[in-house]
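Colleague: Would you be able to build a 3D model of this:
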Amino acid sequence: MEADPQVGRRGRLTVYLGAAPGVGKTYAMLGEARRRHERGTDVVIGYVETHGREQTVAMLDGLEVVPRVEVSYRDATFTEMDTDAVIARRPAVVCVDELAHTNVPGSRHEKRAEDVEQIRRAGIDVITTVNIQHLESLNDEVERITGVRQRETVPDEVVRTADQIQLVDMSPDALRRRMAHGNIYRAEQIDASLTSYFRVGNLTALRELALLWLADRVDDALDDYRRAHQIEQPWPAKERIVVAVTGGPESETLLRRGARLAQRAAGSELLAVHVIANDGLANPDETRIARSQQLVASLGGTFHSVVGEDVSAAVVDFATGANATMVVVGVSRHGRLRRLFTETTGDRIASLAGSIDVHLVTHDQVARATRTRRYLSPLSRRRQVVGLLMSVLLPVLLTVVLHAFSDPDQLPIDVLLFLAVTVLVALVGGLVPALVAALGGFLLMNWYFTPPVRRLTISEPTNLVALLVFVAVAVGVASVVDRASRRATDATRARTEAATMGSLSRSVLTGQDTAEAIVARLQEVFNQTAVSLLKRGSAGWEVMASSGTPHACAPDEGDTQVRVDDDHVIALCGSPLRATDQRVLEAFAVQTGLVLEYRRLREREDRAAALERAEATSTAILRAVSHDLRTPLATMRTAVDGLASGSLGSADRTELVAAVESSTGQLERLIDNLLDLSRIESGLLHPTLADRSLEEVLPLAVAGHPPGSVTLEVDETSPLVHTDAGLLERVVANLVGNAVRVSDGAPVRVLAHVLPESVDILVVDRGPGVPAALRDRMFEPFQRLGDATVGGLGLGLAVARGLTEALGGTLTAEDTPGGGLTMVLSVPRAESVSP
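Modeller: Numbers count the residues shown, from 1 in each chain. Below you'll find the predicted structure:
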């Protein structure tokens, strides 16, 4: 018996990724199925949603379709893919539409993606479809673009790990033409779709999301292939420009040149890399590094920091790992003498880069590098003066002492003692005094202790070697001591700066990020008389915050100024700052700028949240217009038609007139409430929030229902609530109407439950209820959850929740003990006034 080749093999997954609904991904999937079927492959249709489109239905002709399985839920019957039947049939390939679909409760798996996974484990290849808006990672982005949150999503990993992804794309104009021709939605949905979800801007943004997501997936696949085949050389699939940033004044020039190079090719990436020394004691200008980070972000690139002992090797390793095509590095700022004996960073990067292009950029700092730099000792001026005195006095004193015990064979001892003096001078005064001591010791030993004495000539070659070795060792020891002093000073300064910046960071993290806290901390750290944070205004400089008196009201009035950004300056009044303190102050200014930017972003977020709430309420208004105006208008239309016929009796005419009057009043109240809400969200009107009694509001909300269908149970002692009576009546009436409709004759109870901070209005019905897993969905628009009642679009609860949140309340659903559903409307209590 021949073994089944599918056993033990995991089925391949092919995904047709749609840039937007209606681009033809299902049609493309069926086209591939037909091609495979014509080549003799055993292909079946597991699940396809044709949406009634004739072209899609025609593509099913000649293909075997596995019957669907029926699933019962809430007295309704739905159909889903029969996964067991597909596996039992064991085809070579199965087509499964709508990968992100959520199965009806009661199915074996919650998501269709899980059904697909089970089929693949059985060794069956799967061809499926999904739209870009259903990917989990893009859900928030899609909602911001379209205003619609996708409740059916699929994890990115499911699609990203597919064996093959085919993008199904179409230009926005072509897709809108398909929509207008009725090839996507039914005729009654075309106008609304073209003016909402299918706007050109929305479709263009969704198309870009799809292309970018797929491009990232292709990059991942390329990286996986290079790792699997141990390919270390970069493959220039697209331009990636790496700019080596030193933190020097030329960094901004290099970044702008790199950005211009990246702009020459579409889709290029700009990456900036800064190498941090392993010992952590290197002293780059943190202010310039921070500005470089901001500049990279403004140029659309990314900033990276890596740690490495060899700067050139670290840059090349980063570029290779990033699959870069070019490295941009500046010409060395070192002087000619150093470049004569030492290979520059740019030259070394070029020798290590291999196939990566290296672009050397000249800059203004190169010309300045030839200038002689004045030696600056890390030691204090007092220690340097003491060291110079010691470099003169100690060799002379030692010469006097040794001359008293003159011995022609004691030259080695003399050399060691003069070397000890040089080391002592280096420890006290640094490099320059040590060099003076070494030179003086050399001359004194030559004159007094090296034959022939009292002459600057040396007769014995060994003595000459001894003196030269003395000078070399003395200079080497002095250099080491000087470098150690510099490192110790750098470490102390770094520790002080870290403590200072850490103190500011703690104040930010603990919420003390006010302008007053910033200037108070500056005054404390730098021991200044006064510090002020100035903001540029239309009429000049304004003082945002100050600490100490008298403070500067303009930058020129301060003894020290530091720029935070284009519109903010910190002015300090007091003793001038040292150069090291100036660096810390500049770093402090950068941190202050970040604090101010954080505050601006937080204020912007608050405004965006307010706009979002306004948009939610406006959306609720539009839904209400389409949902709740229908009933009174239909009643009025019927009554008017009856009155116009002229064949009715007096009693019938009176009844129709009463119906018109009732519907007109209901319509008038509804329109008034909707117009008020519209004015609220446009900023022209505020809700009429006042202390109201539920005994006044609730009877109006439950009126109009058949006798005995609603029971109102509100205690006379119930406290007042702080709300808008008209809107609260609107919400309760909506909830009661829904409850009466699903209760099948059982009375609906309306109760009031008093809590310390609010009053809960309970609308209790004895209907079929809603499972806990679906309660969030029922508040979404167009959700009927199996309710087949004619006359609604599934918008009522979405409208009720939107209006409730506009009032500052909450609306939730709970189980009714014994069966049914209880809607809990929480309304804030009125503030009690003490007598």
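Colleague: Put the alpha carbons of stretch 127-134 into PDB.
Modeller: In PDB, the C-alpha atoms belonging to stretch 127-134 read as follows (Å, rounded to 0.1, in the frame of the first residue of the first chain):
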ATOM      1  CA  ILE A 127      -5.000  29.400   0.100                       C
ATOM      2  CA  THR A 128      -6.700  32.200   2.000                       C
ATOM      3  CA  THR A 129      -7.500  35.900   2.000                       C
ATOM      4  CA  VAL A 130      -7.300  38.800   4.400                       C
ATOM      5  CA  ASN A 131      -7.500  42.600   4.200                       C
ATOM      6  CA  ILE A 132      -4.700  44.800   5.500                       C
ATOM      7  CA  GLN A 133      -7.100  46.400   8.000                       C
ATOM      8  CA  HIS A 134      -7.600  43.100   9.800                       C
END
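Colleague: Need the contact partners of it.
Modeller: Contacting residues not belonging to stretch 127-134 are listed as 13-21, 25-26, 29, 32-33, 93-100, 116, 138-139, 142, 146, 150, 152-154, 159, 206, 209-210, 213 [CB atoms under 8 Å, 6 or more residues apart in numbering]. Any C-beta I mention is one placed from the backbone N, CA and C, and that applies to glycine too.
Colleague: Could I have the buried ones of these as ChimeraX selection syntax?
Modeller: A single ChimeraX command is used to select the members of these judged buried by 16 or more other CB atoms under 10 Å:
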select :13,14,15,16,17,18,19,20,21,25,26,29,32,33,93,94,95,96,97,98,99,100,116,138,142,146,150,153,154,159,206,209,210,213
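Colleague: Okay, and residue 823 sits in which element?
Modeller: When secondary structure is defined by DSSP states H and E, residue 823 falls within strand 821-828.
Colleague: Spell out the residue ranges of the strands in the stretch 251-400 of the chain.
Modeller: 269-276, 302-307, 326-330, 357-361 (DSSP state E, counting those that start in this stretch).
Colleague: most neighbours per residue, which of those strands?
Modeller: Highest mean neighbour count among the strands of the stretch 251-400 of the chain (mean count of other CB atoms under 10 Å): strand 326-330, with a mean of 25.
Colleague: Which strands or helices does that one pack on?
Modeller: Other elements packing on strand 326-330 under the criterion 3 or more CB pairs under 8 Å, 6 or more residues apart in numbering; DSSP states H and E are strand 240-244, helix 251-263, helix 311-321, helix 345-352, strand 357-361.
Colleague: quick one: contacts of it?
Modeller: Against strand 326-330 from outside (CB under 8 Å, 6+ apart): 239-244, 246, 248, 250, 253-254, 257-258, 261, 315-316, 319, 345-346, 349, 353, 356-363, 365.
Colleague: which of the residues you listed are buried?
Modeller: When the contacts of strand 326-330 are checked for burial by 16+ other CB under 10 Å, the buried set is 239-244, 246, 248, 250, 253-254, 257-258, 261, 315-316, 319, 345-346, 349, 353, 356, 358-359, 361, 363, 365.
Colleague: got the CA coordinates for stretch 550-570 in PDB?
Modeller: As requested, the backbone C-alpha atoms of stretch 550-570 are provided in PDB (Å, rounded to 0.1, in the frame of the first residue of the first chain):
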ATOM      1  CA  PRO A 550      15.800  89.700  41.300                       C
ATOM      2  CA  HIS A 551      15.400  87.500  38.300                       C
ATOM      3  CA  ALA A 552      16.000  88.300  34.600                       C
ATOM      4  CA  CYS A 553      13.000  89.300  32.500                       C
ATOM      5  CA  ALA A 554      15.000  89.100  29.200                       C
ATOM      6  CA  PRO A 555      18.000  86.900  28.200                       C
ATOM      7  CA  ASP A 556      20.400  89.900  28.100                       C
ATOM      8  CA  GLU A 557      19.600  90.700  31.800                       C
ATOM      9  CA  GLY A 558      21.100  87.400  33.000                       C
ATOM     10  CA  ASP A 559      24.700  86.700  33.700                       C
ATOM     11  CA  THR A 560      24.500  83.300  32.000                       C
ATOM     12  CA  GLN A 561      22.000  82.300  29.200                       C
ATOM     13  CA  VAL A 562      21.400  78.900  27.700                       C
ATOM     14  CA  ARG A 563      19.000  78.300  24.800                       C
ATOM     15  CA  VAL A 564      16.300  75.600  25.300                       C
ATOM     16  CA  ASP A 565      14.700  75.800  21.900                       C
ATOM     17  CA  ASP A 566      13.700  78.600  19.500                       C
ATOM     18  CA  ASP A 567      11.100  80.000  21.900                       C
ATOM     19  CA  HIS A 568      12.600  79.300  25.300                       C
ATOM     20  CA  VAL A 569      15.700  80.500  27.100                       C
ATOM     21  CA  ILE A 570      17.000  79.900  30.600                       C
END
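Colleague: Would you mark the buried spots in that stretch?
Modeller: 551-553, 555, 558, 560-562, 564, 568-570.
Colleague: so how far is that stretch from its chain's centroid?
Modeller: Between the mean C-alpha location of stretch 550-570 and the chain-wide mean there is a distance of 33 Å, by CA atoms, centre = their mean, to the nearest Å.
Colleague: Do me a favour and average the pLDDT over it.
Modeller: Confidence for stretch 550-570, expressed as mean pLDDT, is 83.
Colleague: and what of stretch 597-611?
Modeller: Stretch 597-611 comes out with an average pLDDT of 78.
Colleague: For it, what is the distance to the chain centroid?
Modeller: Relative to the mean C-alpha coordinate of its chain, stretch 597-611 is positioned 15 Å out (CA atoms, centre = their mean).
Colleague: and what of stretch 464-477?
Modeller: A distance of 61 Å separates the C-alpha centroid of stretch 464-477 from that of its chain, computed with CA atoms, centre = their mean.
Colleague: For residue 386, give me its contacts.
Modeller: Residue 386 touches 428-429, counting by CB under 8 Å, 6+ apart.
Colleague: Look up the pLDDT of it for me, please.
Modeller: The model reports residue 386 with a pLDDT of 85.
Colleague: Next: residue 490.
Modeller: pLDDT, residue 490: 70.
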